[in-house]
Every structure is written in structure tokens, then in C-alpha cells.
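J.: turn this into a structure:
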Amino acid sequence: MKSSLAILILGMLAIAAAEVFFSEDFSGDWESRWVQSKSRASEGTQGTWDVTAGKFYNDAEADKGLHTTADARFYQISAKIPKTFSNRDKDLIVQYSVKHEQGIDCGGGYIKLLPAGLDQEKFNGDNAYNLMFGPDICGHTKKTHVIFSNEGQNFLTKKEARCETDEFTHLYTLTVKPDNTYTVQIDSNEVSSGSLKDDFDILKPKTIKDPSASKPADWVDAKTIADPEDVKPEGYDDIAAEIADPDATKPEDWDDELDGEWESPMIDNPAYKGEWTAKQIPNPAYKGEWVHPMIDNPEYKDNNELYLFEDNSFVGFELWQVKAGTIFDNILVTDSKSEAETWAARTKETQEGEKKMKTEQDAKAAADSAAASAASADSEDSTETVDADTASDDKDEL
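T.: Residues are numbered from 1 along each chain as shown. Model (predicted):
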């Protein structure tokens, strides 16, 4: 009984301790919470943002999100996290929705979690970040980025998870745990997971090739050799690679005086076997493939805190888009799985509403098109009838 009570108390404490570090649904005065960068303004490639629910949605107001507005622009915008936090000994969940309503062909859709010290009006790709996560599409590249920073270097996951490319809203969730594992979900379905130690080259390798070792000069690693007893057949070299086509005949209109002496065209000789080489036999001196000896890497150092970012102070989007029109919404940074699931449920409602509205729009467009075609056909029939009546009247007059 006491054990059960202790577990219950611990569970309640865990729920009570769960925190939402940052959340944004772009309602109300969103511009007071976000700072648009001016880093590209002088060169004329700075993109501007607005807020919209897009062409189809579930709720015109609730589904408004941050929207890229012009093609071939850099988009950089950030918001300060109310209170800088550390994810030490706790889960870190970064979650947000992305809608490529424009049918994107090339452009980023990823989010960044950044440390303190960011000059928001100068935010650009040179600023250090803790992690970068989300979709990136350009040509054949359709991946979900997962990049972690460690000691000033950025490390991309060695695994590849594809991203969604259609025109509907999709939810991207990254969960990082204190045991140095991570999970990537799209629309609450796991698409990738693993270990920060194994799936990223953050740590130096545990072993390296022994720099003092090299393959012995007399090492034999050729599996086969030419048979010394194999002899080239007599007359082998006399077989020509090409011969005159025996089926060719001189054209009837060929004039030797004008066209020169006729010669049969050449074709491949079916008897030709190519350059002769002796057959191969097992090499009696073969020692196998030489394997470089490995030694412990003196530079290897284990680190059980790869997951840890002591200073998380900003969230931001720093993107290049060839084709603009992406809508970002429902950004959440938390250590609470239940909170993330609650926000995910909202996104699911949005997705269902979008698909319903898109289906209705497509059905209406099809009906309007059919009605226009029918009206055009009726108009043509009426014209033909009038023309026929006119022709008949003209005939009667004659």
C-alpha cells in the first residue's frame, strides 16, 4: 500500500513539475512577441511575414499561423522565451505545425532553439543555435532535419527521415531525453529514433586505425593469378575483329568511275573473341585481405550530457524559400508529453477541417466547371439554331 502511494505521489509531483517553456498560436498581437530580422534588408532579399489561416482551414481565426509572403527571399524571425531554461534531467519536446500550402518546390521549414545573446534584428544563419529541427525540401531532397550543436559545431543525424510535401498541415515533434535518446514524430507517428551517441558524429570514435601499422610489403592479397600453364591457341591473333559483310551487294546505281571502287561494309566478326588472356586460378600465395589493426582512440571521451542545453532563450525560423507560402503554427517547447499531446489534438482537428474544406472547394470548382461547359454548349446550340433559321428565311425570300 505504501509503495503504491509513493508511486502515486511521485507521479503527481512529476505532473506538477512539468513545464511549458514556450507556446505560440499566433493569436492576438503576435508582432509584439516576435521580432523580424533586418539582416538581408539592405540587399533586397529580406522576406516579410504575415499571419493567415490560408486557403483552407478548420477555424478561420484559430488556425491562423505565421506565413511567408514572397518568393525567393530569406525569412528570419525570432521570439524570446519568457524565462531561459535548462533541460537538465528532463525531457525536451519541440513541436510545431507546418503547412506548405503553396506546393513548395524548394525551401526550408525548420525551427531553431537558440541560446541567449541573440540580436534579434540581426538574426541570420551565422547565429549559433542549440538545435535545428524540421522539414527541408528542394528538388529530390525531402528530409526532416535533426541537428544538434555541441562545443560550437553542428551535427546532422546520420539517419534520414522524409518529410511531408503535400499542401495540408503536418505536426513535427522532436523529443530529446536525458538518457541521450531522441524521437522524431510526424503527425504523432514515429518516423525516426535512436541515440545521440550513435546517430550523430558528436563523439570521437572509440577506436582508430593504428597509425604505426601498415600492410607488409610482401603481403599477397590477390585472390587469383594467371594460369602459367595456359597457352594461347595457335592462330588466335589471326582472327580479325571485323570482316566484310557477306550479305552486302554493290548497289545497282553504283558508278565505279564516279563513286570509286565499291567495297563491302565491315561488320563485327562473330568468331573474334577479343584479346587473349590466360585463365585465372587460385593464388597459392594468397594471405587474405589485410586488416588494419585498431587501437583505442586517445581523443575519445564519453559524454552522457549530449542531450543537455543549459541555456535555451529563443525560438526562431531562419529560412530560404524559393517558393513562399508556408504557414507555421502551434509552436510548443515543453518537458510535458501530455501537454504536447493536447496541442497535437488541436492540430488533428485542423487537419480534418482542412481536408473537408479542400474537398468541398474541389467539388464546387468541378460543379462550376461543368455548369460553365453546359452553358457554353447551350449557347453554341442556340447560335446554330438561329443561323439555321436565318438561312431558311433567306431561302424563302429567294
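
J.: so where is this structure shaky, pLDDT-wise?
T.: 1-17, 381-398 (pLDDT under 70).

J.: the helices in the chain, which residues?
T.: With helices called from DSSP state H, the chain shows them at 2-17, 196-199, 256-259, 337-397.

J.: which other helices and strands contact the last one?
T.: Spelled out, that is helix 337-397. Counting contacts by 3 or more Cβ pairs under 8 Å, 6 or more residues apart in numbering; DSSP states H and E, helix 337-397 is packed against strand 92-100, strand 169-176, strand 326-334. Any C-beta I mention is one placed from the backbone N, CA and C, and that applies to glycine too.

J.: next, Asn304: phi, psi?
T.: phi -90, psi 10 (degrees, to the nearest 10).

J.: next one: the nearest residue to it once chain neighbours are set aside from Ile111, what distance?
T.: Distances taken as Cβ to Cβ, 6 or more residues apart in numbering place Asn180 nearest to Asn304, at 6.5 Å, with adjacent residues excluded. Between Asn180 and Ile111 the computed distance is 21 Å (Cβ to Cβ, to the nearest Å).

J.: compare neighbour counts for the two and give me the winner.
T.: A direct count of neighbours by other Cβ atoms under 10 Å for Asn180 and Ile111 places Ile111 higher, at 25 against 19.

J.: which ones are touching the nearest residue to that one once chain neighbours are set aside?
T.: Leaving aside its sequence neighbours, Ile111 sits nearest to Gly134 (Cβ to Cβ, 6+ apart; 5.2 Å). By Cβ atoms under 8 Å, 6 or more residues apart in numbering, Gly134 lies in contact with 96, 98, 108-111, 144-145, 163, 172.

J.: mind running it again at 7 Å?
T.: Gly134 sits next to 98, 109-111, 144-145, 172 when contact means Cβ atoms under 7 Å, 6 or more residues apart in numbering.

J.: with Ile137 instead?
T.: 104, 106-107, 163, 165.

J.: could you do Pro205 as well?
T.: Counted by Cβ under 7 Å, 6+ apart, Pro205 has contacts 297, 300.

J.: from Asn150, how far out is it?
T.: Taking Cβ to Cβ, one finds Pro205 at 15 Å from Asn150.

J.: now do Lys206
T.: Counting by Cβ to Cβ, the gap from Lys206 to Asn150 is 17 Å.

J.: looking at the two, which is more packed in?
T.: Taking other Cβ under 10 Å, Lys206 and Asn150 do not tie; Asn150 has more neighbours (18 against 10).

J.: identify the bridge partners of that one.
T.: On the basis of DSSP bridges, Asn150 is bridged to Gln153.

J.: I figured it hits Ile202, correct?
T.: Yes. Using Cβ atoms under 7 Å, Asn150 is in contact with Ile202, at 4.8 Å.

J.: all strands for the stretch 1-150 of the chain, in order.
T.: 20-24, 34-36, 49-52, 65-68, 73-85, 92-100, 106-108, 111-114, 131-138, 141-150 (DSSP state E, counting those that start in this stretch).

J.: to His292, which of the ones you listed lies closest?
T.: Closest to His292 of these is strand 141-150 (Cβ to Cβ; 28.3 Å).

J.: how about exporting the closest one as CSV, limited to the C-alpha atoms?
T.: The C-alpha trace of strand 141-150 is given here as CSV (Å, rounded to 0.1, in the frame of the first residue of the first chain):
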residue,chain,number,x,y,z
THR,A,141,15.8,16.5,-51.1
LYS,A,142,12.7,15.9,-48.9
LYS,A,143,14.1,15.3,-45.4
THR,A,144,13.3,16.2,-41.8
HIS,A,145,16.4,17.8,-40.3
VAL,A,146,17.6,16.9,-36.8
ILE,A,147,20.8,18.9,-36.0
PHE,A,148,22.4,19.2,-32.6
SER,A,149,25.1,21.7,-31.6
ASN,A,150,28.0,20.7,-29.4
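
J.: list the helices and strands it packs on?
T.: Counting contacts by 3 or more Cβ pairs under 7 Å, 6 or more residues apart in numbering; DSSP states H and E, strand 141-150 packs against strand 131-138, strand 153-156.

J.: which of the ones you listed is buried the deepest?
T.: strand 131-138 (a mean of 22; mean count of other Cβ atoms under 10 Å).
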